[in-house]
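> This is a predicted model, with the sequence first.
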Amino acid sequence: MTGAIIDYVITGIDREDECCTASRRMAMSVRRRSFLKLTPKVGKKVEANILAVGSTHLLATCGGFDMTLSQRDLSYGMIEDLRERFHPGEKKTAVLKEYDEENGILQISVKEARPHPFIGVETRYPLNCRRASVISGKYKGGVFCKLEEELDCLCTYSLYQCDEDFNIGDQVIVVITKYDYARKLVYGKIVSKW
């Protein structure tokens, strides 16, 4: 949590040794009470503070609730390592997805606080167009190629190409082959390296 900004309530002071004790749990309880007075509504924008970041998940706090967020909660595009884009101490705008009062669980989405990059994709990336891209990840035989910061193209290889020939970070040329409007995905085929 180095670099994180956290709340705490001072519970004791030792003036002789010049130190004090504090409780984060008490501070979180105070934050929760004031947050819940505003009656959290689904779709409302809230602020989340990042406490710690790992390669695939991060710990954030919002309204007195701690939560673990994955790449799916943070970005529309593929992020190979969250530590490259997120850092302890940062504040992010998020959207309240759900509040389970009975279990005291709050769910948020940082990515949904921004417009979906799929909107207008047909204009920016027409079918059969070729675009320079960078391989941002591989998953179960599919290759994620970055078109924009938040927009990936899920690609397959062309004939005579194999997975071993391509690595994350390689620059490639892709051709856009189809859109999935229901899932808001762009599909393509890798034509070559460049």
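Looks like it arrived, so ask away.
> For the residue sitting nearest the centre point of the chain, grab phi and psi.
Nearest residue to the geometric centre of the chain (CA atoms, centre = their mean): residue 74, 1.5 Å. Per-residue torsions, residue 74: phi -110, psi -30 (degrees, to the nearest 10).
> excluding its backbone neighbours, what's nearest it?
Nearest residue to residue 74, sequence neighbours excluded (CB to CB, 6 or more residues apart in numbering): residue 110, at 4.9 Å. Any C-beta I mention is one placed from the backbone N, CA and C, and that applies to glycine too.
> Confidence-wise, which helix or strand of the protein is lowest on average?
Averaged element by element with mean pLDDT, DSSP states H and E, the chain has its least confident helix or strand at helix 24-37 (a mean of 89).
> The residue nearest to residue 74 and residue 76 touch, don't they?
No: with contact defined as CB atoms under 8 Å, residue 110 does not count as touching residue 76 (10.4 Å).
> sorry, back to before: for the residue nearest to the centre of the chain, what are its contacts?
Residues counted as contacts of residue 74 (CB atoms under 8 Å, 6 or more residues apart in numbering) are 58, 82, 85-86, 110-111.
> same deal with residue 44?
Here residue 44 is in contact with 95-96 (CB under 8 Å, 6+ apart).
> Now do it, the pLDDT please.
As predicted, residue 44 sits at a pLDDT of 92.
> which residues does residue 131 bridge with?
residue 174 (DSSP bridges).
> can I assume it is in contact with residue 147?
Yes: using CB under 8 Å, residue 131 is in contact with residue 147, at 6.2 Å.
> These two: which has the busier surroundings?
residue 147 (23 against 17; other CB atoms under 10 Å).
> that older thread, buried subset of the contacts of residue 74 as a PyMOL selection?
This is how PyMOL selects the buried members of those, with burial counted by 16 or more other CB atoms under 10 Å:
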select buried, resi 58+82+86+110+111
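> so which one among the contacts of residue 74 has the lowest pLDDT?
Lowest pLDDT among those: residue 85, 92.
> what pLDDT does the nearest residue to that residue once chain neighbours are set aside get?
Closest residue to residue 85 apart from its sequence neighbours, by CB to CB, 6+ apart: residue 79 at 5.9 Å. You'll see residue 79 listed with a pLDDT of 87.
> Tell me who's in contact with the residue nearest to residue 74.
Contacts of residue 110 (CB under 8 Å, 6+ apart): 48, 69, 73-75, 92-94.
> Just put those in a markdown table and tack on pLDDT.
Formatted as a markdown table, these follow (pLDDT from 0 to 100):
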| residue | pLDDT |
| --- | --- |
| 48 | 95 |
| 69 | 97 |
| 73 | 95 |
| 74 | 96 |
| 75 | 94 |
| 92 | 96 |
| 93 | 96 |
| 94 | 96 |
